[in-house]
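Novice: Sequence first, then the predicted structure:
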Amino acid sequence: MSATENETLLRLVHVSKHFGDLKAVDDVSLDIEAGSVTCIVGPSGSGKSTLLRTVNMMESLDGGAIFLRGQMIGHELRRGHRVPVKAAVARRQTLNFGMVFQHFNLFPNYTALENVAAGPMLVRRTNKKTAHGAARRYLEQVGLGDRADHYPSELSGGQQQRVAIARALAMEPQILLFDEPTSALDPELVNEVLAVMRGLADAGSTMLVVTHEMRFAEEVADEIVMMDAGRVVERGAPAQIIHTPSTPRARKFFASVG
Ligand code: ADP
Ligand code: MG
């Protein structure tokens, strides 16, 4: 056990995000422990992506607050909260979440190596030699050491997504966020990506994963959180949630995906 085991790394407290009248995320509270894997499941439109985007600070909050290691990194923007908001903004600039999307969004005119090195070079001003050396190691970690000089168009979808994972790792994030990382892949390419994610989980990465891959969720997740209509409808240990859900909504959902 590492020293950080059972430490709450990320805490969402009554987080809400609205689009007009639509409550895309509606009063969600969540604790993510360091080194844990949390899978978020639920039907399309239930707010899974929006929740990840609030964590990633790609969306402002309409309610609640988000804490990283006890420090507030985001909260509802309201009059009278000027100073804390400023502090939160300053804090969030020092941290980062590695995000992996359904569509890999690699730079087409960069090689795999250049794609992975780009973030540290542009954002962190890491020099080219150091960034390329690190990028090579991350590509090896995702099993693509021999593809460093290939362009995205010369790689399969599964390989491209593994490059995207290496790119996220290169920013040395405290939490890895995945938004349906295998949903755009041909079925025969799904497992190579899940295998890389499994390896990251085994290595102790803290991961928040939106997925429809129930077998992966059951085998790898410490906790599954099911969302519907912006709310958490059920959460708990994978086997219990998947096989003996307690709410009718969850029973219906797991019957349809399992
Ligand atoms: P999921 O990822 O679970 O499919 P989303 O988080 O993408 O769900 O969306 C939740 C709800 O919020 C949906 O009804 C969606 O149409 C809506 N939504 C998401 N993003 C926006 C946006 N930028 N503007 C307006 N509505 C949005
Ligand atoms: Mg989504």
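Specialist: Nice, I can see it. Ligands and ions are numbered 1, 2, ... in the order given.

Novice: Report the residue spans of the stretch 51-200 of the chain with pLDDT below the cut-off.
Specialist: 77-96 (pLDDT under 70).

Novice: which residues in it form strands?
Specialist: Using DSSP state E, counting those that start in this stretch, the strands of the stretch 51-200 of the chain run over 63-68, 71-75, 97-100, 175-179.

Novice: can I assume residue 74 is in contact with residue 65?
Specialist: Yes - the pair residue 74 and residue 65 passes the contact test of CB atoms under 8 Å, sitting 6.7 Å apart. Placement of C-beta: from N, CA and C, glycine included.

Novice: Now do the same contact list for residue 189.
Specialist: The contact partners of residue 189, taken as CB atoms under 8 Å, 6 or more residues apart in numbering, are 156-158, 161, 182.

Novice: can I get those residues in CSV with distance to ligand 1 and neighbour count?
Specialist: Conversion of these to CSV gives the following (distance: CB to the nearest ligand atom, whole Å; neighbours: other CB atoms under 10 Å):
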residue, distance to ligand 1, neighbour count
156, 25, 14
157, 20, 19
158, 22, 22
161, 18, 29
182, 15, 23
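
Novice: rewinding a little: could you point out which of the strands of the stretch 51-200 of the chain sits nearest residue 221?
Specialist: Of all the strands of the stretch 51-200 of the chain, it is strand 175-179 that lies closest to residue 221, at 11.7 Å by CB to CB.

Novice: Please see if that closest one touches ligand 1.
Specialist: No - applying CB under 6 Å from any ligand atom, one finds strand 175-179 separated from ligand 1 by no less than 7.3 Å.

Novice: Save the strands of the stretch 51-200 of the chain as TSV, and put in distance to residue 42 too.
Specialist: As requested, those are arranged in TSV below (distance: least, CB to CB, whole Å):
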stretch	distance to residue 42
strand 63-68	19
strand 71-75	22
strand 97-100	19
strand 175-179	13
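
Novice: now those in a markdown table, with distance to residue 190 and mean neighbour count?
Specialist: Output for the strands of the stretch 51-200 of the chain, formatted as a markdown table (distance: least, CB to CB, whole Å; neighbours: other CB atoms under 10 Å):
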| stretch | distance to residue 190 | mean neighbour count |
| --- | --- | --- |
| strand 63-68 | 31 | 19 |
| strand 71-75 | 33 | 19 |
| strand 97-100 | 14 | 23 |
| strand 175-179 | 13 | 23 |
